[in-house]
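Peer 1: give me a model of this one.
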Amino acid sequence: MPQLPAPAYPDEVRARLEADAREVIARYPDSRSALLPLLHLVQSEEGYVSRTGMRFCAEVLDLTTAEVTAVATFYTMYRRKASGDYQVGVCTNTLCAVMGGDAIFDELKTYLGVGNNETTADGKVTLEHIECNAACDYAPVVMVNWEFFDDQTPESAKQLVDDLRAGRPVEPTRGAPLCTYKETARILAGFPDERPGAVEASGGAGHASLLGLRLAKGETLGAPRVVSPRGEAGSGEAKDAPQPGSQHLSSHDAPQQTSASDPAAAPEQHPAGPSSEEGE
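Peer 2: Below is the predicted model of the structure:
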């Protein structure tokens, strides 16, 4: 059955949101460009983008609710149902997955007794697997309300959610101090983070992310470890770094003996003989 029109916000809430919305809309030459931050604004009110929130966005931007719904359902940072104070996202994209992200996600599902995009009974934690966090050099990565928790293990991730549920202080590996999901949504709407020291704590890129830049600038990072070509006996210790201008062949580009299974090998080396075209 078709849904009834979404209820309106109470007068006091609507007046407050309208004042914030005017400030957001004033940043753009075209009012409809303010839709994304306004969706974060209504999410900061209820913790998710409700039908009431979409109705509000449509009215203040002179859009249809269908236009607003199309945007709100496209981006995964907008929640569609009431959720926890802390969104715990485990990266399960390729690098994080192979480094342990899949194991962390499976462990947390069992430990918290919830599935993907589900919330614990106390309303504290919503667990979900998320796509790449652009922090592959710190894999596996967990994010809480979009703040980084790097180099995680199943045990450290369980301790993290225990601390969140118990209300104990939790410090991200890097970035601003942690706040609730509603507070995070308001910041994403473009309003200043007024917590003392929060902006200064945001900092920049971490050590691992800057290694490539340091190399590009010619900084010395210490003697590199050289891997012996396959088949050579290695001592297991780092060798002297190659001299400038010399060439080092890795185990992948060093000359190799032709495998007996290689069709290009001589017939006497390949039991099946040379490959032939169909019909010959």
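Peer 1: residue ranges for the helices of the chain, please.
Peer 2: Remark: helices assigned in the chain by DSSP state H are 11-25, 35-46, 51-61, 65-72, 94-96, 102-112, 154-166, 181-188, 198-201, 207-216.
Peer 1: tell me, which of these is the model least confident about?
Peer 2: Mean pLDDT is lowest for helix 198-201 out of the helices of the chain, coming in at a mean of 72.
Peer 1: can I get the helices of the chain in CSV including mean neighbour count?
Peer 2: For glycine as for every other residue, the C-beta is placed from the backbone atoms N, C-alpha and C. Formatted as CSV, the helices of the chain follow (neighbours: other Cβ atoms under 10 Å):
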stretch, mean neighbour count
helix 11-25, 15
helix 35-46, 22
helix 51-61, 21
helix 65-72, 17
helix 94-96, 18
helix 102-112, 18
helix 154-166, 16
helix 181-188, 20
helix 198-201, 12
helix 207-216, 12
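Peer 1: want to throw these into CSV with distance to Arg79?
Peer 2: CSV is the format used below for the helices of the chain (distance: least, Cβ to Cβ, whole Å):
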stretch, distance to Arg79
helix 11-25, 17
helix 35-46, 7
helix 51-61, 10
helix 65-72, 9
helix 94-96, 22
helix 102-112, 18
helix 154-166, 17
helix 181-188, 8
helix 198-201, 23
helix 207-216, 29
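Peer 1: relative to Asn145, which of those is closest?
Peer 2: Among the helices of the chain, the nearest to Asn145 by Cβ to Cβ is helix 181-188 (4.5 Å).
Peer 1: and for the closest one, what's in contact with it?
Peer 2: Residues from elsewhere that reach helix 181-188 (Cβ atoms under 8 Å, 6 or more residues apart in numbering): 37, 40-41, 43-45, 47, 77, 83-87, 145-146, 179, 193.
Peer 1: then stretch 13-27?
Peer 2: 8-9, 31, 34, 37-38, 41-42, 45, 56, 60-61, 189-191.
Peer 1: determine which two of these are furthest apart.
Peer 2: The widest separation within the contacts of stretch 13-27, taken as Cβ to Cβ, falls between Ala8 and Gly190 and amounts to 24.0 Å.
Peer 1: between those two, who's got more neighbours?
Peer 2: Gly190 (16 against 12; other Cβ atoms under 10 Å).
Peer 1: residue contacts, the residue nearest to that one when sequence neighbours are not counted?
Peer 2: Leaving aside its chain neighbours, Gly190 sits nearest to Pro37 (5.0 Å; criterion: Cβ to Cβ, 6 or more residues apart in numbering). Applying Cβ under 8 Å, 6+ apart to Pro37 gives the contacts Val24, Leu188, Ala189, Gly190.
Peer 1: centroid-nearest residue for this structure?
Peer 2: Asn133 (2.3 Å; Cα atoms, centre = their mean).
Peer 1: my read: that residue touches Phe148, true?
Peer 2: Yes: using Cβ atoms under 8 Å, Asn133 is in contact with Phe148, at 7.3 Å.
Peer 1: find residues that contact each of those two.
Peer 2: Residues touching both Asn133 and Phe148 by Cβ under 8 Å, 6+ apart: Val141.
Peer 1: quick one: the residue nearest to Tyr48 when sequence neighbours are not counted and Ala70, what's the gap?
Peer 2: Leaving aside its chain neighbours, Tyr48 sits nearest to Arg79 (3.7 Å; criterion: Cβ to Cβ, 6+ apart). Arg79 sits 16 Å away from Ala70, taking Cβ to Cβ, to the nearest Å as the criterion.
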